[in-house]
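> any chance you can model this:
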Amino acid sequence: MHKTLRAAALALGTCALAGFSAGANASWVFSNDATGDASLSGSYPAFTITGSDNGSGEDTAFYVQTFATSQVVSFTWQYASADTGGPALDPAGWILNGVETQLSLNGEPGTGSSGSFSLTVAAGDTFGFYVFSEDSLFGAAQLAINEDLPPPPAVPEPGSAALTLAGLALLFAAVQRRKSG
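Residues are numbered from 1 along each chain as shown. Predicted coordinates for the structure are as follows:
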């Protein structure tokens, strides 16, 4: 039953996201597939999804978008669960076109996990992150994401730009002297 609800919620999110492009100004959508109290703090590219803990039963929180162009998505992640039943009851991970891939490790209560991951998404793919709550009781799970954005292109400092221009001017003057002499 919870898989059907999650698929329906993701389908609705996919329809709402069609036409948006990926990147620093991407339009990400946060949603729940049930009546849980899951929340999102921050926004793309650095955010935390906190799973439900209001006793509402099964609930999945999604933060997704549909990509307009193919690109590599790289991110670091950190997972923690306060659930007394352990992380197996509150898994978290990434989702691509409705297929969930768990990042969190099913360890003992109070254990966390972290790492980095990279994948290529194609134009039209719906990609994002999720936190599932089995019972929405006994503590919430959190998935923190920080997308590793490529560094901006180097911009020369004014002093080095002036030095480069001075060198070019000297080179131009030397070429002109050779031509006239």
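> quick one: contacts for the residue nearest to G112 when sequence neighbours are not counted?
Excluding the flanking residues, the one nearest G112 by Cβ to Cβ, 6 or more residues apart in numbering is A80, at 4.1 Å. (C-beta placed from N, C-alpha, C; glycine too.) For A80, the contact set (Cβ atoms under 8 Å, 6 or more residues apart in numbering) comprises G112, A141, Q142.
> who wins on neighbours among those residues?
Tallying neighbours with other Cβ atoms under 10 Å puts A141 at the head of the contacts of A80, with 27 neighbours.
> my guess is that residue contacts S104. True?
Yes. Using Cβ atoms under 8 Å, A141 makes contact with S104 at a distance of 7.2 Å.
> any residues in contact with both of the two?
Y79, S81, P87, D90, P91, A92.
> show me where this protein has strands.
29-32, 39-43, 46-50, 59-66, 71-81, 92-96, 99-102, 112-121, 126-133, 141-147 (DSSP state E).
> distance of S104 relative to G42?
19 Å (Cβ to Cβ, to the nearest Å).
> again but with Y79, I slipped
Here Y79 is placed at a distance of 16 Å from G42 (Cβ to Cβ).
> the more surrounded of those two?
A side-by-side neighbour count of Y79 and G42, using other Cβ under 10 Å, places Y79 first with 24 against 12.
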